[in-house]
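K.L.:
Task: produce atomic coordinates for the following.
(one chain, ligands or ions: 1)
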Amino acid sequence: MLTFIGLGLFDESDVSVRGMDAIRYADTVFLEVYTSVLTGASIERLEACYGKKITPLYREDVEIHADKILDAAEFGNAVFLTAGDSMIATTHSDLRIRAADRNIQTKIIHGASITTAVCGLSGLQNYRFGKSVSVPFPYGKWFPMTPIEVISANQKENLHTLVFLDIQKDKERYMKISEAVDLLEEQARRVDAKIPLYVGIARAGSPEPAVHAGSAEEMRSFDFGSPLHILIVPAKLHDIEREYLERFAGLC
Ligand SMILES: C[S@@+](CC[C@H](N)C(=O)[O-])C[C@H]1O[C@@H](n2cnc3c(N)ncnc32)[C@H](O)[C@@H]1O
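P.N.:
Numbering: from 1, shown residues only. Next up, the predicted model:
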């Protein structure tokens, strides 16, 4: 059996009771550490809390060398932990299909996801979000323009855009809101587009999340603090959305 378990957003206490029971009952516990992370808990702390040895998994362990996971699931109870919800903004649906190819039973135990937490923190309505996009760290001459293309397409339809920020786990590098805004502003400049308003959110799910709405300049000067960070580029605001951002995100 392979059980996908979403751990929620911040630390070891965010997992559901059902998820915790499945971890305690597991023979093997894997933790995927490259699509998102629990910034409030180290692996050691998770191990102490869940009472299990945890094997961290990097991208190649899941996307190329998944046999270790699938073997453990074929011959025992394996759990595959992910920060947030397991199948949101990740590649894990492929792993579930490969498990099914080997007649391994699978199930999902859901966790809170950043994709829904942003609605509560920003007041932006879930049904008004269009396609989401990721901003990767530029590499050499590689400077992808996909983020501004997706944002522009959503803006044409009057839809909000959720913008995930890159994680380079091997370097413990997490993109900050100010870095992402610099990249998005450069992309906008190249295609003669304008992003009039951003909403930045840091550490959703923690006791002290930061939420701030404003122009590119305000995003650069506001101190969002430690990771993880995420951005929203809002469409035209409804009255209630505007009022919520004024009350809870410092929108002027
Ligand atoms: C690719 S998504 C994975 C989403 C995850 N599976 C989920 O359901 O929450 C990871 C990105 O979402 C954002 N993110 C995830 N958790 C966050 C949090 N607690 N606070 C702020 N941003 C977060 C960051 O930009 C991070 O790089």
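
K.L.:
Residue 98 is in contact with residue 73, correct?
P.N.:
No: here residue 73 lies out of contact with residue 98, judged by C-beta atoms under 8 Å, at a distance of 10.2 Å. Where you see a C-beta, it was placed from the backbone N, CA and C, and this is true even at glycine.

K.L.:
between the two, which one's more packed in?
P.N.:
Higher neighbour count among residue 73 and residue 98: residue 73, with 26 against 17, using other C-beta atoms under 10 Å.

K.L.:
What sits closest to the residue in the stretch 1-150 of the chain that the ligand sits nearest to if chain neighbours are left out?
P.N.:
For the stretch 1-150 of the chain and the ligand, the shortest gap (C-beta to the nearest ligand atom) falls at residue 84, measuring 1.9 Å. The shortest distance from residue 84 to any non-neighbouring residue, by C-beta to C-beta, 6 or more residues apart in numbering, is to residue 113 (4.6 Å).

K.L.:
for that neighbour, what are its contacts?
P.N.:
6, 9, 84, 85, 88 (C-beta atoms under 8 Å, 6 or more residues apart in numbering).

K.L.:
neighbours of residue 77, just the number please.
P.N.:
Residue 77: 17 neighbours (other C-beta under 10 Å).

K.L.:
Contacts only, for it.
P.N.:
1, 3, 25, 26, 27, 28.

K.L.:
likewise residue 148?
P.N.:
184, 187, 188, 190, 191, 193.

K.L.:
which among these gets closest to residue 34?
P.N.:
residue 184 (22.9 Å; C-beta to C-beta).

K.L.:
Mind telling me what element residue 34 is part of?
P.N.:
For residue 34, there is no enclosing helix or strand under DSSP states H and E.
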